[in-house]
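Student: Dropping the sequence and predicted coords here.
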Amino acid sequence: MAFPEINTCPGTLAAGFHTYSRTCLVRVFDGKKVSHVLPYNAPQTSEEDAQKFIENRKRISISGVQEKLSLVLDKNKLRLTQPGEQGTYILKPIPRDLRKVNQVPANEHLTMQIARQVYGIQTAENALIFFKNGEPAYLTKRFDVKPGGSKYAVEDFASLAGRTSETAGPDFKYDYTYEALAALVKRYIAAAVVELEKLFSLVVFNYLFSNGDAHLKNFSIIETPNGDFMLSPAYDLINTRIHVDDSYLALKGGLFQDEYETASFAANGYYAYDDFYEFGMRIGIRESRVSKLLNSYREEKEAISDLVSRCFLDNETKALYLEQYQANLRALNYSYRALIP
């Protein structure tokens with residue numbers, strides 16, 4: 001693979017950089033001058049490097065099906081963790097057996113940057129990084145590791161719901177509703193009013209940007225320095241429909257409990273403004289806040305096109321990314337109620 005030409009920061013996507021910008025270095029690497037090129041090849045390139053990766057995978061504790069590697073920042077260089085060492089970064093190389101598979105790292109990086117830069121969603125710090133042969137990988141900084149190496153308590157929503165493959169079957173992460181997920185926020189988070197709005201925004205964002213893998217394990221709560229809990233920074237945000245044929249929402253039960261559906265959904269068969277408005281009301285967000293939060297997602301924002309134009313997706317995938325976003329935006333702006341006399 002030819003090494004890509006770097007004209008934008010592989011972290012913030014700011015124009016005019018040939019490596020990480022100062023802003024990215026501060027956010028992701030504690031201000032250390034880290035190269036955007038890793039000192040080794042991709043896992044399948046070198047037999048020697050591949051063996052290192054195999055050993056490293058045994059030590060990582062992050063769940064999920066995509067290959068993940070544990071790294072630590074040693075002075076100003078990223079390296080694989082050693083046995084017994086606490087990793088502080090997660091590296092996700094190009095996975096296997098997906099459509100447009102080599103676009104996955106840039107897709108996740110772009111989606112995470114849009115969430116943070118355009119919509120103000122708190123996200124795990126992240127950047128794109130490259131192996132020596134030019135192959136990209138997605139890099140994220142762990143938010144559960146304290147500066148001294150100890151860890152904040154983190155629980156994903158599958159654990160909070162008491163759902164495992166043994167208790168709820170092989171689809172335990174997906175057999176749920178977002179309304180029931182919101183009920184867990186009320187149960188486990190004292191400042192639920194604030195966190196429910198954050199959850200609502202994240203659910204709307206995932207719909208708008210075709211993240212069909214926003215399942216129970218991709219939402220978590222994290223211990224704060226005061227000992228209480230809040231929603232963790234968002235992670236694993238990606239436009240999955242570029243790579244697989246999946247549903248508009250990851251959870252099979254959809255937005256609502258008790259098989260409830262709006263008149264809009266019954267008439268059209270897809271989620272639109274009325275559905276998310278009703279969802280916000282049912283989970284306990286004030287009506288004025290539901291409208292304000294939704295309206296922030298209903299405008300087509302120039303910043304999204306700007307970030308897509310500067311990202312590391314190929315031109316064909318950039319066009320597809322914007323096309324899917326705009327189709328979902330049209331759906332979100334449709335209101336069946338407004339058409340009823």
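Tutor: Alright, I've got the coordinates.
Student: Residue 161 and residue 176 touch, don't they?
Tutor: Yes: counting by CB atoms under 8 Å, residue 176 is a contact partner of residue 161 at 6.8 Å. Placement of C-beta: from N, CA and C, glycine included.
Student: and for these two, which residues touch both?
Tutor: residue 216 (CB atoms under 8 Å, 6 or more residues apart in numbering).
Student: neighbour-wise, which of the two wins?
Tutor: Taking other CB atoms under 10 Å, residue 161 and residue 176 do not tie; residue 176 has more neighbours (24 against 19).
Student: Once you drop chain neighbours, what's closest to that one?
Tutor: residue 251 (4.9 Å; CB to CB, 6 or more residues apart in numbering).
Student: quick one: residue 329 is in a helix?
Tutor: Yes: Residue 329: assigned to a helix according to DSSP: H, G, I helix; E, B strand; the rest coil.
Student: my read is residue 304 is in a strand, agree?
Tutor: No: Residue 304: not assigned to a strand; according to three-state DSSP it is helix.
Student: What is the neighbour count of it?
Tutor: Using other CB under 10 Å: residue 304 sits among 21 other residues.
Student: Verify the stated contact: it with residue 328.
Tutor: No: shown here, residue 304 and residue 328 do not form a contact pair, counting by CB under 8 Å, at 11.8 Å.
Student: Can you pull the residues that touch both of these two?
Tutor: Counting by CB under 8 Å, 6+ apart, no residue touches both residue 304 and residue 328.
Student: Now do the strands in this protein.
Tutor: 69-74, 77-80, 89-93, 126-130, 136-141, 154-156, 220-223, 229-231 (DSSP state E).
Student: Burial-wise, tell me which of the ones you listed comes out on top.
Tutor: strand 126-130 (a mean of 25; mean count of other CB atoms under 10 Å).
Student: quick one, helices of the stretch 201-341 of the chain?
Tutor: 263-268, 273-282, 287-298, 302-310, 315-333, 336-339 (DSSP state H, counting those that start in this stretch).
Student: just the CA coordinates of the second one, formatted as CSV?
Tutor: Coordinates of the C-alpha atoms in helix 273-282 are reproduced here as CSV (Å, rounded to 0.1, in the frame of the first residue of the first chain):
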residue,chain,number,x,y,z
TYR,A,273,-39.0,13.7,13.6
ASP,A,274,-42.2,12.5,15.4
ASP,A,275,-40.4,9.3,16.6
PHE,A,276,-37.5,11.1,18.2
TYR,A,277,-39.7,13.8,19.6
GLU,A,278,-41.8,11.2,21.3
PHE,A,279,-38.8,9.2,22.4
GLY,A,280,-37.4,12.3,24.2
MET,A,281,-40.7,13.0,25.9
ARG,A,282,-41.1,9.3,27.0
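Student: Show me what it is packed against.
Tutor: Helix 273-282 sits against helix 178-188, helix 192-208, helix 263-268, helix 287-298, helix 315-333, with contacts defined as 3 or more CB pairs under 8 Å, 6 or more residues apart in numbering; DSSP states H and E.
Student: If we use 6 Å, what do you get?
Tutor: helix 287-298 (3 or more CB pairs under 6 Å, 6 or more residues apart in numbering; DSSP states H and E).
Student: give the contact list for residue 181.
Tutor: residue 157 (CB atoms under 6 Å, 6 or more residues apart in numbering).
Student: ok, now how distant is it from residue 249?
Tutor: Using CB to CB, to the nearest Å, residue 181 is found at 11 Å from residue 249.
Student: ok, now residue 338?
Tutor: From residue 338 across to residue 249, the span is 23 Å (CB to CB).
Student: between the two, which one's more packed in?
Tutor: More neighbours surround residue 249 than the other of residue 338 and residue 249, with 21 against 9 (other CB under 10 Å).
Student: Chain neighbours aside, what residue packs nearest to the more buried one?
Tutor: Closest to residue 249 by CB to CB, 6+ apart is residue 207, at 6.5 Å.
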